[in-house]
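A structural model of the following input is requested.
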Amino acid sequence: MSLDAIAESGLVAVIRAPSADAAVAAAEAVAQAGVRALEITFTTPGAAAAIARLADRGLLVGAGTVVEPRQAQEAHASGARFLVSPGVDDDVLGAMRATGLPTLAGVFTASEVMRARRLGASAVKLFPAGHGGVGLLRALREPFPDLRVVPTGGVTPENLGDWLAAGALAVGAGGAMCPQDAIREGRFEELRERAAGFVRALETARADSLVS
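Here you go, the predicted model:
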């Protein structure tokens with residue numbers, strides 16, 4: 001798999017859940033609303049098992065919050081199709097690259113971008129994107145015009161189009177789409193509604209880009 005599938009999806013649901021069962025249920029809820037890419041974080045107990053179950057169902061599922069080399073290997077063995085780390089660590093990124101899967105390394109500064117690129121990251125995850133705003137993405141793309149970026153943290157249906165217009169490959173949505181309390185309490189219809197709002201915003205943004 002290349003980054004093309006993530007770019008085509010335009011939207012990655014970032015799911016942090018209290019259990020593998022809850023993660024799978026949340027992922028299925030947002031997938032039903034039209035979200036095509038799912039990221040199960042390793043802060044979820046039994047994350048690898050959840051990834052395996054979703055992969056078996058043919059969903060585009062990846063592993064997030066990869067902070068140890070062994071997690072990259074576990075995710076790959078479980079059927080993950082992409083890997084995401086919140087930062088740049090030589091050993092972790094090396095293990096991620098060794099799987100042959102697309103790898104996204106978390107960055108916030110130009111120095112981190114340079115390091116991630118030197119270490120061979122397929123793309124970068126701008127995190128926490130909300131703290132820098134769209135202006136930070138635009139600023140980073142000045143010295144790195146070919147930078148492939150997935151902003152995550154602070155992305156909402158209201159600002160999704162701004163991120164894409166600034167050059168984002170896709171966007172990641174965690175708390176705004178999949179609040180942990182809603183997952184924990186099993187409010188899956190709420191998750192579907194939130195996800196549907198993101199999907200509508202994505203469709204609108206793409207339609208607007210064609211007009212402009």
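
rest of the way, CA atoms for contacts and neighbours
Will do.

mean confidence for the top helix by length along the chain?
Among the segments of the chain that qualify as a helix by DSSP state H, the longest is helix 188-211. On average, the pLDDT along helix 188-211 is 95.

tell me which residues in that helix are buried?
For helix 188-211, burial by neighbour count (16 or more other Cα atoms under 10 Å) applies to 188, 190-192, 194-199, 201-202, 205.

could you export that helix as PDB, CA atoms only?
Only the C-alpha atoms of helix 188-211 are listed here, as PDB (Å, rounded to 0.1, in the frame of the first residue of the first chain):
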ATOM      1  CA  PHE A 188     -22.000   4.800  18.900                       C
ATOM      2  CA  GLU A 189     -24.900   6.600  17.100                       C
ATOM      3  CA  GLU A 190     -23.200   9.900  18.300                       C
ATOM      4  CA  LEU A 191     -20.000   8.700  16.700                       C
ATOM      5  CA  ARG A 192     -21.800   8.000  13.500                       C
ATOM      6  CA  GLU A 193     -23.300  11.500  13.500                       C
ATOM      7  CA  ARG A 194     -20.000  13.100  14.200                       C
ATOM      8  CA  ALA A 195     -18.300  11.100  11.500                       C
ATOM      9  CA  ALA A 196     -21.000  12.000   9.000                       C
ATOM     10  CA  GLY A 197     -20.400  15.700   9.700                       C
ATOM     11  CA  PHE A 198     -16.700  15.200   8.900                       C
ATOM     12  CA  VAL A 199     -17.600  13.300   5.700                       C
ATOM     13  CA  ARG A 200     -19.900  16.100   4.600                       C
ATOM     14  CA  ALA A 201     -17.200  18.700   5.300                       C
ATOM     15  CA  LEU A 202     -14.700  16.700   3.300                       C
ATOM     16  CA  GLU A 203     -17.100  16.400   0.300                       C
ATOM     17  CA  THR A 204     -17.800  20.200   0.500                       C
ATOM     18  CA  ALA A 205     -14.100  21.000   0.600                       C
ATOM     19  CA  ARG A 206     -13.300  18.900  -2.400                       C
ATOM     20  CA  ALA A 207     -16.200  20.300  -4.400                       C
ATOM     21  CA  ASP A 208     -15.100  23.800  -3.500                       C
ATOM     22  CA  SER A 209     -11.600  23.000  -4.700                       C
ATOM     23  CA  LEU A 210     -12.900  21.900  -8.100                       C
ATOM     24  CA  VAL A 211     -14.800  25.200  -8.500                       C
END
